[in-house]
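K.L.:
pasted the sequence and its predicted model underneath.
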Amino acid sequence: MTDQDFDTSDVDRWIGVPLGGGELKDPIHPNDVRRWAQGMQNPNPLHYDEEYALESRFGELYAPQSFAVCTDDSHGAAPAIQGHIPGTHMLFGGDEWWFFGPRIYPGDSFRQERMLFDYKLTTTKFAGPTMFSRGDTTYVNQRGEIVCKQRSTSIRYRADLAREKGQFMEDQAASWSDDELQALEKQKFDYYQSFLELGHERRLFVKAGDTLPTRPIGPHSVASFTTEWRSYPFSVWGTFRPSGGPTSLWNAGWLPEMSRDLEGAKVDPAYADGLYYGPSRGHVQDRYAQLIGMPRGYGYGASMGAWILDYLTNWVGEWGRVLHSQMSYRSPALVGDATFLNAKVTDVQAQRGTGLPIATVEVVMTNQKDALLASGEAEVQLPTETAPEQ
């Protein structure tokens, strides 16, 4: 196989085809929401403390907007991983979200509508010939309301070329002193205090030029990445059932070592777990990370997206919400690294129709070496002194 052998002909036949997948068997449980908040290292009591949530404008525990992605069985990425390309793996390249208003509560049920949107071929330093494909997942609740839509970008590449080029292979895990770890923990507490101080109040008087408090996460570890994975309900045996409809997700050209054994899973469900066996094992097992071009365990693109959405919703508070977010993921969060989110309000305008203020917020995610991990822009609906969120 040469560098030019990247045949996408099987991908073409999947564009615009309504896709199948999995759907949650059971309604969302309060502990699903709590586990998600814990896995995303987001100690906002609105999402785990029912007594605190009772005093909120909603009067009950509810899920953060980021929770939608874990009602799907593949991080919303399956529509962007269609068509057979031998010897390939994938990384998340970004997510675009549109939110339409309905909140997510315990007791809600979900179904998804999925479709491959488009793709393009390019050449990257990481792996040479590379495909960036975009797929749409629409999240619909039991009342038939469209809660949100996700357009996920998948980076599909040849694993052998990524190993050969070794772009990230020289990266060494950071060594943190006790003083540095203590300083990082203080920075986390300062960030948590920023949204606890807002409490149930409205985020008012926002203007262009305002900066959001820095959100630190980490240092990341095999334990933290495993905790993240286990906060996704699909990682629990028997939680999803097929919704019907075609999909080529499990025949996308995965390396044998990164494929799920669906027959073996009939005896031992761990064979379809994804983390113990299958395409996600590189996140926590160095030998498989190196097989697909990563130096060691690395984070999930879906979690990076959730960190950003939680960052924005914690800032705006319960009286506002994210309307739209478009983020590109540039580099992985690796075991041993810490992640830092920073953002700035660049514009505030009145929303057509409601008159409510909309803040445009630029977000940047970096690690302790100031390497860019993700960036993008979001539109956040702000409250006024009297008008509730629409």
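P.N.:
Thanks, I have the structure now.
K.L.:
residues in contact with Gly107?
P.N.:
27-28 (Cβ atoms under 8 Å, 6 or more residues apart in numbering). Where C-beta positions appear, they are placed from N, C-alpha and C, glycine not excepted.
K.L.:
helices of the stretch 51-200 of the chain, start to end?
P.N.:
Remark: helices assigned in the stretch 51-200 of the chain by DSSP state H, counting those that start in this stretch are 159-165, 178-198.
K.L.:
give me whichever of those is most buried.
P.N.:
Most buried of those by mean neighbour count (mean count of other Cβ atoms under 10 Å) is helix 159-165; its value is a mean of 18.
K.L.:
who are the packing partners of it?
P.N.:
strand 88-99, strand 128-141, helix 286-291 (3 or more Cβ pairs under 8 Å, 6 or more residues apart in numbering; DSSP states H and E).
K.L.:
now the longest one - C-alpha only, CSV.
P.N.:
Extracted C-alpha coordinates of strand 128-141, given in CSV (Å, rounded to 0.1, in the frame of the first residue of the first chain):
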residue,chain,number,x,y,z
GLY,A,128,-0.1,11.9,5.2
PRO,A,129,-3.4,11.2,3.3
THR,A,130,-6.2,11.9,5.7
MET,A,131,-10.0,12.2,5.4
PHE,A,132,-12.0,14.7,7.4
SER,A,133,-15.6,13.5,7.4
ARG,A,134,-18.6,15.2,9.0
GLY,A,135,-21.7,13.4,10.2
ASP,A,136,-24.9,14.7,11.8
THR,A,137,-26.7,13.3,14.9
THR,A,138,-30.0,14.9,15.9
TYR,A,139,-31.2,14.2,19.5
VAL,A,140,-34.9,13.8,19.9
ASN,A,141,-36.6,13.3,23.3
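K.L.:
for that strand, packing partners?
P.N.:
Judged by 3+ Cβ pairs under 8 Å, 6+ apart, the packing partners of strand 128-141 are strand 110-124, strand 146-158, helix 159-165.
K.L.:
surely Glu377 meets Val364?
P.N.:
No - using Cβ atoms under 8 Å, Glu377 is not in contact with Val364; the gap is 10.5 Å.
K.L.:
want to throw the helices and strands packed on helix 159-165 into a markdown table with distance to Ala77, mean pLDDT and mean neighbour count?
P.N.:
Shown next, in a markdown table, are those (distance: least, Cβ to Cβ, whole Å; pLDDT from 0 to 100; neighbours: other Cβ atoms under 10 Å):
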| stretch | distance to Ala77 | mean pLDDT | mean neighbour count |
| --- | --- | --- | --- |
| strand 88-99 | 7 | 97 | 23 |
| strand 128-141 | 7 | 97 | 21 |
| helix 286-291 | 18 | 96 | 17 |
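K.L.:
in the stretch 251-390 of the chain, where is pLDDT below threshold?
P.N.:
387-390 (pLDDT under 70).
K.L.:
show me the helices in it, by range?
P.N.:
286-291, 301-316.
K.L.:
what about Trp97, distance to Gln172?
P.N.:
Distance of Trp97 to Gln172, given as Cβ to Cβ, to the nearest Å: 34 Å.
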